[in-house]
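**Q** predicted model and sequence below, questions to follow.
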Amino acid sequence: MLAITHVPSPKIQQCELTYVSRTVIEYPRALLQHDSYCRMLRDCGAEVRVLDVNRDYPDCVFIEDTAVVLDEVAVLASMGAESRRAEPAGIEPELRKYREVQRVELPGTLEGGDVVRVGRTLLVGLSSRTNPAGLAALARVAAPHDYRVVGVPLRDCLHLKSACTSLPDRRLLINPAWVDARSLPGFECVHVPGEEPAAADVMSIGMRVCVTAAHPRTAEMLDRFGFEVHMTDLSEFAKAEGGVTCLSLILGSH
């Protein structure tokens with residue numbers, strides 16, 4: 001399994017924000033936290049590749065948004081934030097080493113943080129960053145490979161993965177304030193603790209689940225479920241509306 005990451009930009013303070021108020025991001029601390037994040041991925045059995053191709057773009061560390069990587073194909077995103085639209089081109093050469101690459105084109109917009117894969121189903125958040133045309137474009141690429149694409153309405157959060165991710169047993173971990181379980185028919189949903197609203201953003205690697213250190217109650221719950229829980233501090237990236245999933249593109253975890 002390969003995890004592709006990107007070093008944080010020195011301009012991260014200028015990142016896009018939608019639902020989070022701007023506060024000071026300590027860049028040296030962000031670098032240390034990114035190193036610890038990469039170490040956590042290695043502890044989970046991943047080979048980690050760290051890119052440095054989009055350093056001039058403030059949000060470049062959130063590499064997951066630039067593509068949707070399936071077993072058969074990588075789909076380059078059409079970023080909903082105009083300031084990020086040059087990022088996928090920088091990531092494309094790396095992805096071409098491992099996958100055929102196709103694209104979503106404007107006026108369709110699609111960001112990887114809005115796509116949750118559960119087996120052969122792709123749940124796609126309809127957010128401020130992903131529109132119905134982007135969902136349809138992804139469906140056209142994915143359908144020949146036998147994926148089902150399902151649109152999921154969101155409220156009050158940036159991406160679908162802010163509100164919903166898949167656990168190793170294919171249950172969904174959700175914040176019901178941000179995504180309605182009724183829009184996820186056929187899936188068993190587990191609710192995050194109310195005092196940890198952002199805790200649904202976890203990353204499953206095999207039977208391991210990666211959680212940010214800010215969400216200890218969620219980590220305890222996942223441990224009780226029998227998963228091997230790994231935690232790391234991502235507080236500086238949380239200030240940029242980031243979480244554990246958005247800092248990497250994972251190839252080969254499904």
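**A** Cool, got the structure. Residues are numbered from 1 along each chain as shown.

**Q** ok, the closest residue to Thr23 other than its chain neighbours to Ala137 distance?
**A** Among residues not flanking Thr23 along the chain, Lys239 sits closest, at 5.2 Å (C-beta to C-beta, 6 or more residues apart in numbering). (C-beta placed from N, C-alpha, C; glycine too.) Distance of Lys239 to Ala137, computed by C-beta to C-beta, to the nearest Å: 32 Å.

**Q** now stretch 35-45: buried residues?
**A** The neighbour-count check on stretch 35-45 (16 or more other C-beta atoms under 10 Å) flags 37-38, 40-41, 44 as buried.

**Q** contacts for that stretch?
**A** Contact with stretch 35-45 is made by 1, 3, 5, 48, 50, 205-206, 208, 210, 230-234, 244, 247-248, as judged by C-beta atoms under 8 Å, 6 or more residues apart in numbering.

**Q** so how far is that stretch off the chain centroid?
**A** Relative to the chain's own centre, stretch 35-45 is displaced by 16 Å; criterion: C-alpha atoms, centre = their mean, to the nearest Å.

**Q** again with stretch 115-127
**A** The chain centroid and the centroid of stretch 115-127 are separated by 11 Å under C-alpha atoms, centre = their mean.

**Q** please point out which parts of that stretch sit buried.
**A** 115-118, 121-127.

**Q** also stretch 2-11?
**A** 2-9.

**Q** restricted to strands, list these.
**A** Among the buried residues of stretch 2-11, the members falling in strands (DSSP state E) are 2-6.

**Q** any chance of JSON lines for the residues you listed, columns distance to Leu32?
**A** Listed next are those as JSON lines, based on distance: C-beta to C-beta, whole Å:
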{"residue": "Leu2", "distance to Leu32": "23"}
{"residue": "Ala3", "distance to Leu32": "18"}
{"residue": "Ile4", "distance to Leu32": "20"}
{"residue": "Thr5", "distance to Leu32": "14"}
{"residue": "His6", "distance to Leu32": "16"}
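
**Q** now, which of those residues sits nearest Gly252?
**A** Leu2 (6.2 Å; C-beta to C-beta).

**Q** output the below-cut-off pLDDT ranges for the stretch 151-254 of the chain.
**A** 253-254 (pLDDT under 70).

**Q** show me where it has strands.
**A** 164-166, 172-174, 189-191, 203-205, 208-212, 228-232, 249-251 (DSSP state E, counting those that start in this stretch).

**Q** redo the buried residues of stretch 35-45 as TSV? Include pLDDT.
**A** Output for the buried residues of stretch 35-45, formatted as TSV (pLDDT from 0 to 100):
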residue	pLDDT
Tyr37	98
Cys38	98
Met40	98
Leu41	98
Cys44	97
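
**Q** looking at those, which are in helices?
**A** When the buried residues of stretch 35-45 are checked against helices (DSSP state H), the matches are 37-38, 40-41.

**Q** quick check: end-to-end length of stretch 35-54?
**A** Start and end residues of stretch 35-54 are separated by 18 Å (C-alpha to C-alpha, to the nearest Å).

**Q** please state the offset of that stretch from the chain centre?
**A** 15 Å.

**Q** repeat that for stretch 106-114.
**A** Taking mean C-alpha positions (C-alpha atoms, centre = their mean), stretch 106-114 and its chain are 13 Å apart.

**Q** all helices of this protein, in order?
**A** Here the chain has its helices, by DSSP H, at 27-43, 87-95, 132-142, 160-163, 216-224, 235-238.

**Q** return the most buried member of those helices.
**A** The highest mean neighbour count among the helices of the chain, using mean count of other C-beta atoms under 10 Å, belongs to helix 160-163: a mean of 28.

**Q** near the closest residue to Glu16 other than its chain neighbours, how many other residues are there?
**A** The shortest distance from Glu16 to any non-neighbouring residue, by C-beta to C-beta, 6+ apart, is to Ala81 (4.8 Å). Residues near Ala81, counting by other C-beta atoms under 10 Å, number 17.
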